[in-house]
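Q: Quick one, fold the following:
(one chain, ligands or ions: 1)
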Amino acid sequence: MTSGSDFLQLDAAAVPADGKSDWLARRLRRAMADGRLTVGSRLPPTRVLAAELRVSRGVVAEAYRRLTEDGHVEGRRRGGTVVVATPPPPATTPTGPPPEPVGAFSGEPGNDVFDALRAAPARIDLTPGRPDLTAFPRTAWLRAERALLTGLSADELGYGDPRGTPQLRRAVANWLARTRGMRADPADILIVAGIAQALTLLHPVLRADGIDAVAVEDPGSLGTRQHLHHGGLATPPVPLDPDGIRIDALRATGARAVLLTPAHQFPMGMVTGGERRRELLRWARDGGLILEDDYDAEHRYDRPPVPALRSLLADDQVCYLGSVSKLLAPALRIGWMVPPRRHLAPLVDAKRFTDLGNAALPQLVLARLLESGTLERHLRLLRDRHRRRRDAMITALATHLPAATVHGTAAGLHLTITYDTPDIPDTALAATALTHGVKCHPLSWHRQLPGSPGLVLGYAASPAGVITEGVAALGRALRELT
Ligand SMILES: Cc1ncc(COP(=O)(O)O)c(C=O)c1O
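A: Now for the predicted structure:
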C-alpha cells in the first residue's frame, strides 16, 4: 500500500478551498490513467490520507465513493480500497500519423472483424456485448475456489461427464427455473463453452436432421450468423416489426429452423410479446425448430421479466441456449444448452469429440456461486449500475445526437440508434468515430437486408462520464461527415 505524504505527491497546500473531493477524485483518476496507480494497488485508508492532506475524512471518503461508482476502485473490508480498473489514458495530441481507421470498417466484415476491432486502439469502448467487467466478483470467486479445492476429491480432477459436472447442471437447472421460468432436468442440460460453441456443436446435428438453413432475424447478430456460416449453414434473413420477427416472412424462407433472441432482440431490443409467441408456437408445431439465444435476458430495467420461449413450447420445438458471458464475464467461456431430447445424444457426442467436456474447476466454482445466491446479488448490483449508465447514454444522445432515433433501452447491455442520412454509411461514421477515439458497431454489420444506417452502442462496461464523452465524440464524428 502507498501511504503517507508520498502518496502520489499529493500536496496539502494544493488542496482547493472548494470542491475538495472533486479535486482528489480527479487526481486519483489521472494517476490511474497514466499508470502511477495500477490495478491491484491499494489506496491509503481514508483516515491516513485525510490527515496528510489536512481535510476531513468525509472528503476522502466521498472521493473514493465517486471512484467506486465509476467502477475504478472497490472497497474490500479488510483489504481496504483497491484499484480494480483504470480509466483510459488522457487524450494527447497525436505526434505520429493518425491511427488508420480499422480495416474492419471497409468492405464486408470478415471472420476476424471483432478481433480487429478489439485490437484497434481507442480511448472509449462502446462496443456492445460486455457487462461491467470491473464488477466481476473476484473475492467471492476466490473464496469459493479455495473452499472447493480444500474439499475436492482426487477423482474429481479426472476426466468427467462430457455433459458437464452434475453440480453445475443441477445449479443451472435451478437458476433457469428461478430466473427464466423453465423446468429442465439436469440430465437434459449440456454445459458448453458459451453460446458460440453451442452453435458449432449444432452444425452436424442439424445437418443430420436434414436442416441446411437457419433463418435469422434481420437486423440480427453478425457474430452468431458467422458461427452458423462457418458450419456451412445458410442464414436466410427475416425482417422484424415492432413485435419481433415477422412470421409470414419466416414461413416464406422455407427454413425449418430459426435463431431468435426473443427476450431481448439483438440489436434492436424488442421483446417478442404474447401474440407473436403464439404465432411462433404455431410455426414450430408445423415442424419448425427454434434456437432460442437467451444471451442477456437477465439484464432488464423498465420492464417485467419475460419467461423463456422454452418454458412455453414443447421440449422438442426449442433448443435453449444461455451463458454467463453477459452475467459474469465472456472470458469464462461457460454456457449451457437445453436441446430437444432427440438432439441430446448427438450433441453430447459432438461435445465429447470436441473437448471431452468443459474444464471442471470453473464449473464447480460457478455452481457454488449460483447455489449460494452470489450471482443473484451480483445481478442486482449490475442492474443498478447498468441502469445509471444507460440513463447517461440516453441523456448524452439527446444532447449530442438529437436527430437520432434510439431503440431498445428497456433491457440489455446496449442500445441502438438509427439516423436519417442514408448518404452517410454507418461504417463511415464508425470509422470516423474511431479516429475520435471511440469504438462501436455500425448497425449495417448486423444486417443482410437494406435498412437505415445506425450504430449499436454498449453502455454497460463504461462509467457514466466516459459514456458522455464518447457520445459527444460520436456527435462530432457525425457533424464532420455531414
Ligand atoms: C446475440 C448474441 N448471442 C450470442 C453471443 C455469444 O455469447 P457467448 O459468449 O455465450 O458465446 C453473443 C455475444 O456477444 C451475442 O451478442
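Q: so where's the longest helix in the chain?
A: The helix spanning the most residues in the chain, taking DSSP state H as the definition, is helix 374-400.
Q: That one: what's the following helix or strand?
A: Next along the chain after helix 374-400, taking DSSP states H and E as the criterion, comes strand 405-407.
Q: Could you find the closest non-adjacent residue to residue 317?
A: Closest residue in space to residue 317, ignoring its immediate chain neighbours: residue 284 at 4.0 Å, by Cβ to Cβ, 6 or more residues apart in numbering. Where C-beta positions appear, they are placed from N, C-alpha and C, glycine not excepted.
Q: list the contacts for the one you found?
A: In this structure, residue 284 makes contact with 290, 313, 314, 317, 318, judged by Cβ atoms under 8 Å, 6 or more residues apart in numbering.
Q: Could you rerun that using 6 Å?
A: With Cβ atoms under 6 Å, 6 or more residues apart in numbering as the criterion, the residues that contact residue 284 are 290, 313, 317.
Q: now residue 241
A: Residues in contact with residue 241, defined by Cβ under 6 Å, 6+ apart, are absent; none qualify.
Q: Need phi/psi at it.
A: In this entry, residue 241 is assigned phi and psi values of phi -130, psi -180 (degrees, to the nearest 10).
Q: circling back: from the contacts of residue 284, which is closest to residue 431?
A: residue 290 (36.2 Å; Cβ to Cβ).
Q: thought that closest one was touching residue 320?
A: No - with contact defined as Cβ atoms under 6 Å, residue 290 does not count as touching residue 320 (8.9 Å).
Q: Which one's more surrounded, these two?
A: More neighbours sit around residue 320 than around the other of residue 290 and residue 320, counting by other Cβ atoms under 10 Å; the figures are 27 against 22.
Q: The more buried one should be in a helix, yeah?
A: No - judged by DSSP: H, G, I helix; E, B strand; the rest coil, residue 320 forms no part of a helix; its state is strand.
Q: picking up where we left off before, tell me what the longest helix of the chain is packed against?
A: With contacts defined as 3 or more Cβ pairs under 6 Å, 6 or more residues apart in numbering; DSSP states H and E, helix 374-400 has these neighbours: helix 464-481.
Q: contacts for the helix it packs on?
A: Counting contacts by Cβ under 6 Å, 6+ apart, the residues touching helix 464-481 from outside are 124, 126, 389, 392-393, 396-397, 400-401, 424, 429, 432-433, 436, 438, 459.
Q: likewise stretch 346-353?
A: If you take Cβ under 6 Å, 6+ apart as the criterion, stretch 346-353 is touched by 162, 163, 190, 201, 205, 339.
Q: could you give me the average pLDDT of it?
A: Averaging the model's pLDDT scores along stretch 346-353 yields 98.
Q: Next, count neighbours for residue 395.
A: Around residue 395 there are 14 other residues, counting by other Cβ under 10 Å.
Q: Roughly how far does it sit from the ligand?
A: Computed with Cβ to the nearest ligand atom, to the nearest Å, the distance linking residue 395 and the ligand is 25 Å.
Q: ok, how many other residues are close to residue 196?
A: Neighbours of residue 196 under the rule other Cβ under 10 Å: 19.
Q: Next one: the closest residue to it other than its chain neighbours from residue 108, what distance?
A: When the adjacent residues along the chain are set aside, residue 196 lies closest to residue 227, with 5.7 Å between them (Cβ to Cβ, 6+ apart). When Cβ to Cβ, to the nearest Å is the yardstick, residue 227 and residue 108 sit 16 Å from each other.
Q: Between those two, tell me which one has more neighbours.
A: Remark: of residue 227 and residue 108, residue 227 carries more neighbours, 21 against 6, as counted by other Cβ under 10 Å.
Q: From what I see, that one and residue 197 are in contact.
A: No - no contact is recorded between residue 227 and residue 197 when judged using Cβ under 6 Å, the distance being 8.9 Å.
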